[in-house]
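Participant: need a structure here:
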Amino acid sequence: MKNVSKTIKTATAKIQTSLSIKLESYINNSNPASRSAFFTGAALVTGAQSAFAQTGGFAGTASTVAEQGKGIADSAGTIFAAIGFIIAGWGGLNMYKRSRETRDDGAPQTPITKIVGPMVAGAVLAATGAFMITGGETLGVQETDYGTVPNK
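Facilitator: Numbering: from 1, shown residues only. Now for the predicted structure:
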């Protein structure tokens, strides 16, 4: 039994090695269109294998991808909003620093771009994050039965 197991392991290792050498040679010596077709086919085969492995088939895979995408968008939106708030705060700190420099008729050392730039960038990033968080929500629209035919 040990010999059979060892033979199977050795054979699979040799097959993997020869396939990886042939694949590497193919990828290095083929044109870009052929490479893109190869990787597209590999992605489709992987997606199909994943779809058949799940209970719902392709619909189950699409549903899972949609749920994961929504979760990623919500998480990224929260992160964007937090980072935007921090960057805008950095601009506010620069504004405070400039106000301290100009007190008592001193010459300001902090340029205005170090104030306006982070504030605008932070506001844009925070707004993007807020849009990502609330983008899937409806604004006061509720589903009703108005206009539907009864008993149908």
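
Participant: packing partners of the longest helix seen in the chain?
Facilitator: The longest helix of the chain (DSSP state H) is helix 57-102. Helices and strands touching helix 57-102, by 3 or more Cβ pairs under 8 Å, 6 or more residues apart in numbering; DSSP states H and E, are helix 32-53, helix 113-134. No exception for glycine: its C-beta is placed from N, CA and C like everyone else's.

Participant: isn't residue 129 right up against residue 86?
Facilitator: No. If you go by Cβ atoms under 8 Å, residue 129 and residue 86 don't touch, sitting 11.5 Å apart.

Participant: neighbour-wise, which of the two wins?
Facilitator: With neighbours defined as other Cβ atoms under 10 Å, residue 129 and residue 86 compare such that residue 129 has more, 20 against 13.

Participant: what's near enough to touch the more buried one?
Facilitator: 76, 77, 78, 79, 80, 81, 82, 83, 84 (Cβ atoms under 8 Å, 6 or more residues apart in numbering).

Participant: buried subset of the residues you listed as a PyMOL selection?
Facilitator: Here is the PyMOL selection string for the buried members of these, based on 16 or more other Cβ atoms under 10 Å:
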select buried, resi 77+80+81+84
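
Participant: for residue 33, report the pLDDT, please.
Facilitator: We have a pLDDT of 80 for residue 33.

Participant: separation between it and residue 39?
Facilitator: To residue 39, residue 33 is 11 Å away according to Cβ to Cβ, to the nearest Å.

Participant: between these two, tell me which one has more neighbours.
Facilitator: residue 39 (11 against 8).

Participant: separation between the more buried one and residue 30?
Facilitator: With Cβ to Cβ as the criterion, residue 39 and residue 30 are 11 Å apart.

Participant: so for the protein, the centremost residue is which one?
Facilitator: residue 72 (6.4 Å; Cα atoms, centre = their mean).
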